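A.B. asks: Sequence plus the predicted model coming up.
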Amino acid sequence: EVQLLESGGGLGQPGGSLRLSCTVSGFSAGPYAMSWVRLTPGEGLEWVSGISATGGSRHYADSVQGRFSVSRDNSKNTLFLQMNSLRADDTAVYYCASHLGDYYEGTALSHWGQGTLVNVSS
Amino acid sequence: DLQLTQSPTFLFASVGDRVTITCRASQALSNNLAWYQKAPGRAPKLLIYATSTLQSGVSSRFSGSGSGTEFTLTISSLQPEDLATYYCQQLNSYPPRGFTFGPGTKVNIK
């Protein structure tokens, strides 16, 4: 069974950092691009960041550019999101998801994790 | 800046009804549009990709169509388990806002 399991969420301080992980089981994520997507009650779903299968290409939404960094370790079937300079509007449930192909542009998100809650508050 | 709108925002329908949700883009897309279902307490689920291709394992009562700037998701016979918010997503263009999602359509069962 394909499973994506996010971890690392919790309470973050404004200006602080958190590191999210997404462990994939049931299939090899290596051939597939991966993305982080967040869900907020008021704003709905927002694509945050994507990384190609090899890790050679990475892109970010304007809202997190320069603050968040995506990476992956295909040997461990794991995706990461380093979140720095946290702001209150980063509060959301963060999902990792795998794409249907090896690049994020043009390929939909076929498998999703259950999400991890990030709450940025002092 | 490519933006997506969805209509209606809320939808109330009865079991067995045919339901149509529309997604409009501010500029023409290729066929790189997907539809997702977000049910309460569950992870988002891919229903349709490339405008009209049904994702493996998804019920055939879901279908997608469209081109250019207007796309639709149709549920041919609404079921109780279809209670969810439905989002379209364009995968065409990432700068500057990324692979934007529509604002969502919340489907309620009468």
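C.D. replies: Sure thing, it's come through.
A.B. asks: just how off-centre is the longest strand seen in chain B within its chain?
C.D. replies: Counting by DSSP state E, the longest strand found in chain B is strand B:62-75. Put simply, strand B:62-75 sits 8 Å off its chain's centre (C-alpha atoms, centre = their mean, to the nearest Å).
A.B. asks: A:Ser63: what's it in contact with?
C.D. replies: Going by C-beta atoms under 8 Å, 6 or more residues apart in numbering or on different chains, A:Ser63 touches A:46, A:48, A:89. Heads up, the C-betas are built off the backbone N, CA and C, glycines and all.
A.B. asks: now A:Val70
C.D. replies: Here A:Val70 is in contact with A:34, A:36, A:49-51, A:58, A:60, A:79-82 (C-beta under 8 Å, 6+ apart).
A.B. asks: and if we set it to 7 Å?
C.D. replies: Residues in contact with A:Val70, defined by C-beta atoms under 7 Å, 6 or more residues apart in numbering or on different chains, are A:36, A:49, A:51, A:58, A:80-81.
A.B. asks: With chain B as the reference, measure out to it.
C.D. replies: Distance of A:Val70 to chain B, computed by C-beta to the nearest C-beta, to the nearest Å: 12 Å.
A.B. asks: same deal with A:Thr54?
C.D. replies: Taking C-beta to the nearest C-beta, one finds A:Thr54 at 18 Å from chain B.
A.B. asks: With A:Gly115 instead?
C.D. replies: 7 Å.
A.B. asks: Quick check: pLDDT value at the nearest residue to that residue once chain neighbours are set aside.
C.D. replies: In space, and not counting its chain neighbours, A:Gly115 is closest to A:Val93: 4.2 Å by C-beta to C-beta, 6 or more residues apart in numbering or on different chains. The model reports A:Val93 with a pLDDT of 97.
A.B. asks: If A:Trp47 is in a bridge, with which residues?
C.D. replies: A:Val37 (DSSP bridges).
A.B. asks: which stretch of helix or strand covers the residue of chain A most remote from its centre?
C.D. replies: Residue distances from the centre of chain A (C-alpha atoms, centre = their mean) peak at A:Ser122, which lies 23.2 Å from the mean C-alpha position. If you go by DSSP states H and E, A:Ser122 is not part of any helix or strand.
A.B. asks: wait, doesn't it sit right on A:Leu11?
C.D. replies: No: A:Ser122 is beyond contact range of A:Leu11, at 9.7 Å (criterion: C-beta atoms under 7 Å).
A.B. asks: Give me the nearest residue to residue 61, chain neighbours excluded.
C.D. replies: Let's take chain A. B:Gly98 (3.9 Å).
A.B. asks: my bad, the chain I had in mind was chain B
C.D. replies: Distance criterion C-beta to C-beta, 6+ apart; nearest residue to B:Arg61, sequence neighbours excluded, is B:Ser76 at 4.4 Å.
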